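Asks: return a 3D structure for these sequence lines:
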Amino acid sequence: MTNPENDEKDEFDLRNFLPFLLNQAAEESSLEFQQVYKNRYGMLRTEWRVLFHLGNYGEMTAKDIGQRAKIHKTKISRAVAKLEQRRFLKRIRDEEDRRVERLSLTQAGHSSYRELREIAQSYDAKLAAQFTSGEVALLRMMLRRLAGMD
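Replies: This next block holds a predicted model:
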């Protein structure tokens, strides 16, 4: 394909651009799991991520979740409101700093988290089955490094 502006061949191949590949892989690999939390619980991506952070780490503030998950505070605020509306989480005002709310899962939230966690683990195993165990370990290590998690 040529660049119409100067009729020179464009050597840039979007299909090999790492950010593009990572985004495409993330979208493609999450579609099936997305249908589960969306159809079963009516959750959006940010909501399940908040639910999973609370299920995984226990009581947290919205700020803590935002920093760990790299989600903007406005999106977290909306997700927290929806999860609270569905009675999946509760907010407790911090006694030392009244501006801070501690978030934790309710019994229904824990139940949903456990169910979705099992489905997520099965889905993760299904995705990993496309590769050898060495490739999976390498892929996880490289993705954690790119995500700044190492």
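Asks: contacts and neighbour counts: CA atoms only from here.
Replies: Will do.
Asks: now the most centrally placed residue in the chain, nearest residue through space, not along the chain?
Replies: Nearest to the geometric centre of the chain sits Arg49, at 4.8 Å (CA atoms, centre = their mean). Once flanking residues are discounted, Arg49 sits nearest to Ala69: 7.6 Å by CA to CA, 6 or more residues apart in numbering.
Asks: in the chain, which spans are strands?
Replies: 60-61, 89-93, 101-105 (DSSP state E).
Asks: turn the ones you listed into JSON lines, including mean neighbour count, mean pLDDT and distance to Val36.
Replies: Output for the strands of the chain, formatted as JSON lines (neighbours: other CA atoms under 10 Å; pLDDT from 0 to 100; distance: least, CA to CA, whole Å):
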{"stretch": "strand 60-61", "mean neighbour count": "16", "mean pLDDT": "96", "distance to Val36": "25"}
{"stretch": "strand 89-93", "mean neighbour count": "17", "mean pLDDT": "94", "distance to Val36": "20"}
{"stretch": "strand 101-105", "mean neighbour count": "21", "mean pLDDT": "96", "distance to Val36": "20"}
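Asks: how about these, which one is nearest Arg15?
Replies: strand 60-61 (38.9 Å; CA to CA).
Asks: related to what we said a few turns ago, would you mind measuring from the residue nearest to the centre of the chain to Asp13?
Replies: Per CA to CA, to the nearest Å, Arg49 is found 33 Å from Asp13.
Asks: run a quick neighbour tally on Gln85.
Replies: For Gln85, the neighbour count with other CA atoms under 10 Å is 11.
Asks: quick one: it from Ile65, how far?
Replies: With CA to CA as the criterion, Gln85 and Ile65 are 19 Å apart.
Asks: do Tyr57 as well
Replies: Look at Tyr57 and Ile65: by CA to CA, they are 10 Å apart.
Asks: tell me which of these two has more neighbours.
Replies: Counted by other CA under 10 Å, Tyr57 and Ile65 do not tie: Ile65 has more neighbours, with 23 against 10.
Asks: pretty sure that one contacts Phe52?
Replies: No: the criterion here is CA atoms under 8 Å, and Ile65 misses it with Phe52 at 10.0 Å.
Asks: report the beta-bridge partners for the residue nearest to Thr61 when sequence neighbours are not counted.
Replies: Leaving aside its sequence neighbours, Thr61 sits nearest to Arg102 (CA to CA, 6+ apart; 4.8 Å). Using DSSP bridges, the beta-bridge partners of Arg102 come out as Thr61, Ile92.
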